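Chemist: Predicted coordinates and the sequence they were generated for:
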Amino acid sequence: MRDQELTDLLKEFQALPKECEWVEFKVNNGNPEEIGTNLSALSNSACYHSQRFGYLVYGIENETHRAIGTAFSPKKEKKGNEELENWLAIHLNPRIDFQIFEWEFDGKHFAILRVNAAKNKPVDFKQTAYIRVGSYTKPLREHPEKERKIWNRDNEFVFEKELAKENLSDADVLSFIDYPAYFDLIELHLPGDRKGIIKRLVEDKMIIPNGGRYDIPNLGAILLAKNLLDFDSISRRAIRVIKYEGKNRTKTLKEQPGRRGYAIGFNGLIQYINDNLPAMEILLDNGLQKSVPMYPIIAIRELAANALIHQDFSISGSSPMIEIFEGRVEITNPGKPLIDILRFVDHSPQSRNETLAKFMRKLHICEERGSGIDKVIFECELYQLPAPEFIVGDTYTRVILHGRKSFREMDKQDKERACYLHACLKHVSGEYMTNQSLRKRFGIEEHNYSIVSRIIADTIQSGLIKDYDDQNQSKKYAKYVPFWA
């Protein structure tokens, strides 16, 4: 937020008749434990009262509401040897997003800690959740009716609809939004005047009218921002591309954080990734060699789009990330998937951010529903790469694209994963996996069909595939389907 915006907000707080459940005034009390307790209480109270944020305001005298300034500088404070901001983030659970603003006004120093309202569940500090009751901070467990209401508000928050900037002039809007790039994406001529541009942005819900002025919702900001750092609520959501030396994270060769909105910056992102991927030499029919990317760009494009669309925006301090190692590429997004990773191929995708997903499809950035992962698997087979690997952690989803390996270099898990995903791909295409089709997928000659039979048997034993006709005694010509078919 700009200094003027912060000053305007400070004056709004001064005009309040008294402290309220989502706004607390302080002068110089910088006790870290109390700050953590207050952030938990303000986040939960903001949720309970349908506010977007809770505010801990330093520099306003509680009794008089006079703006007297503060000697406290939270950005410089430490708890032990650790920065205060990081220490607070570690002890707040879930990792709710909060920001610290400091500025000078009328010759005095002020600070505001702004915390997002609780979303998926109450926010606790050091394993205890708090709430504001009037001007007092209380343990939430003492108010079970308020706790129930916070849990029940889970589905009322939609990331795309929350506001990234408010009360802007039309000129301000166009200073933050890359509207020429947007009109290029939707393949329309740029209107000749500001009024026509604003009209189209309103129609597409990229901005929202507000009494002669305009608000920019998170949807418009995250898709069309000239610079994501201009928007406090989404500044940490920029995708990062990191290239390492070797097979681990010991030495970083280069790191590039994104700056532009997801939609207008996507093609540049993919081009940057492609420029940093290793290449391999292939032999053409005329005997000449040609250098081509080791990884199919279609697969990279689809997985990058998925990482942006399916991330969990309620998880703070984390952003989508693409990491390039020797021999593999890892694409990670915050949040667990809403469907089982074993059903990525056949299941229609479910997104926490359906409006965002809809616009990304409209702008031809990602594939139609249900076809993206199919294409990733198909491209990996076409490039004779190991099957992609899907991993779910406590707070993230990761897809690993492995570089080329010979059949001998693949381990048992590589082979079973490839067998299962090949069966899935065949099934959604209206076909069946056979020994012959799997031999072709691995590039194995016909006289070695028994090797593939062993892989199929192992994958059946792992519960990933099954016989289509268990009465058929010929393993060479048997048909197989995924376990869920």
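Modeler: It's in.
Chemist: Output the one helix or strand residue 426 maps to as PDB, restricted to C-alpha atoms.
Modeler: Using DSSP states H and E, residue 426 falls within helix 412-428. Below are the C-alpha coordinates for helix 412-428, written out as PDB (Å, rounded to 0.1, in the frame of the first residue of the first chain):
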ATOM      1  CA  LYS A 412      10.400 -51.000 -10.600                       C
ATOM      2  CA  GLN A 413       8.300 -48.000  -9.600                       C
ATOM      3  CA  ASP A 414       9.100 -46.200 -12.900                       C
ATOM      4  CA  LYS A 415       7.900 -49.200 -14.800                       C
ATOM      5  CA  GLU A 416       4.700 -49.700 -12.800                       C
ATOM      6  CA  ARG A 417       3.800 -46.000 -13.000                       C
ATOM      7  CA  ALA A 418       4.300 -46.000 -16.700                       C
ATOM      8  CA  CYS A 419       2.200 -49.200 -17.100                       C
ATOM      9  CA  TYR A 420      -0.700 -47.700 -15.000                       C
ATOM     10  CA  LEU A 421      -0.800 -44.400 -16.800                       C
ATOM     11  CA  HIS A 422      -0.500 -46.100 -20.100                       C
ATOM     12  CA  ALA A 423      -3.600 -48.200 -19.200                       C
ATOM     13  CA  CYS A 424      -5.400 -45.000 -18.100                       C
ATOM     14  CA  LEU A 425      -4.600 -43.200 -21.400                       C
ATOM     15  CA  LYS A 426      -5.800 -46.200 -23.400                       C
ATOM     16  CA  HIS A 427      -9.000 -46.400 -21.400                       C
ATOM     17  CA  VAL A 428     -10.000 -42.800 -21.800                       C
END
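Chemist: Run the angle between the helix or strand just after it and helix 412-428 for me.
Modeler: Later in the chain than helix 412-428, the nearest helix or strand by DSSP H and E is helix 435-442. With axes from the mean of the first three to the mean of the last three Cα atoms, to 10 degrees defining the directions, helix 435-442 sits at 120 degrees from helix 412-428.
Chemist: Could you pull out the buried residues of whichever strand or helix holds residue 146?
Modeler: For residue 146, the host element (DSSP H and E) is helix 144-152. For helix 144-152, a neighbour-count test (16 or more other Cβ atoms under 10 Å) marks 146-147, 150 as buried. Every residue, glycine included, has its C-beta placed from N, CA and C.
Chemist: could I get the residues you listed as CSV with distance to residue 22 and pLDDT?
Modeler: CSV is the format used below for the buried residues of helix 144-152 (distance: Cβ to Cβ, whole Å; pLDDT from 0 to 100):
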residue, distance to residue 22, pLDDT
146, 13, 90
147, 16, 89
150, 13, 86
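Chemist: and which of these is nearest to residue 266?
Modeler: Comparing the buried residues of helix 144-152 against residue 266 with Cβ to Cβ places residue 150 closest, at 36.0 Å.
Chemist: The closest one contacts residue 48, doesn't it?
Modeler: Yes - using Cβ atoms under 8 Å, residue 150 is in contact with residue 48, at 5.7 Å.
Chemist: can you give me phi and psi for residue 98?
Modeler: Dihedral angles of residue 98 (phi, psi; degrees, to the nearest 10) stand at phi -140, psi 150.
Chemist: That one: neighbour count?
Modeler: 22 (other Cβ atoms under 10 Å).
Chemist: quick one, helices of the stretch 251-400 of the chain?
Modeler: For the stretch 251-400 of the chain, helices defined by DSSP state H, counting those that start in this stretch occupy the ranges 262-276, 297-309, 354-362, 372-382.
Chemist: could I have the longest one exported to PDB, CA atoms only?
Modeler: Right, the one you point to is helix 262-276. Coordinates of each C-alpha in helix 262-276 appear next as PDB, following Å, rounded to 0.1, in the frame of the first residue of the first chain:
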ATOM      1  CA  TYR A 262      -0.700 -14.900 -15.000                       C
ATOM      2  CA  ALA A 263      -2.500 -14.400 -18.200                       C
ATOM      3  CA  ILE A 264      -0.400 -11.700 -19.800                       C
ATOM      4  CA  GLY A 265       2.800 -13.200 -18.600                       C
ATOM      5  CA  PHE A 266       2.100 -16.800 -19.400                       C
ATOM      6  CA  ASN A 267       3.700 -17.100 -22.900                       C
ATOM      7  CA  GLY A 268       6.800 -15.300 -21.600                       C
ATOM      8  CA  LEU A 269       7.000 -17.700 -18.700                       C
ATOM      9  CA  ILE A 270       6.800 -20.800 -21.000                       C
ATOM     10  CA  GLN A 271       9.400 -19.300 -23.300                       C
ATOM     11  CA  TYR A 272      11.800 -18.600 -20.400                       C
ATOM     12  CA  ILE A 273      11.400 -22.200 -19.100                       C
ATOM     13  CA  ASN A 274      12.000 -23.600 -22.600                       C
ATOM     14  CA  ASP A 275      15.100 -21.500 -23.000                       C
ATOM     15  CA  ASN A 276      16.500 -23.000 -19.800                       C
END
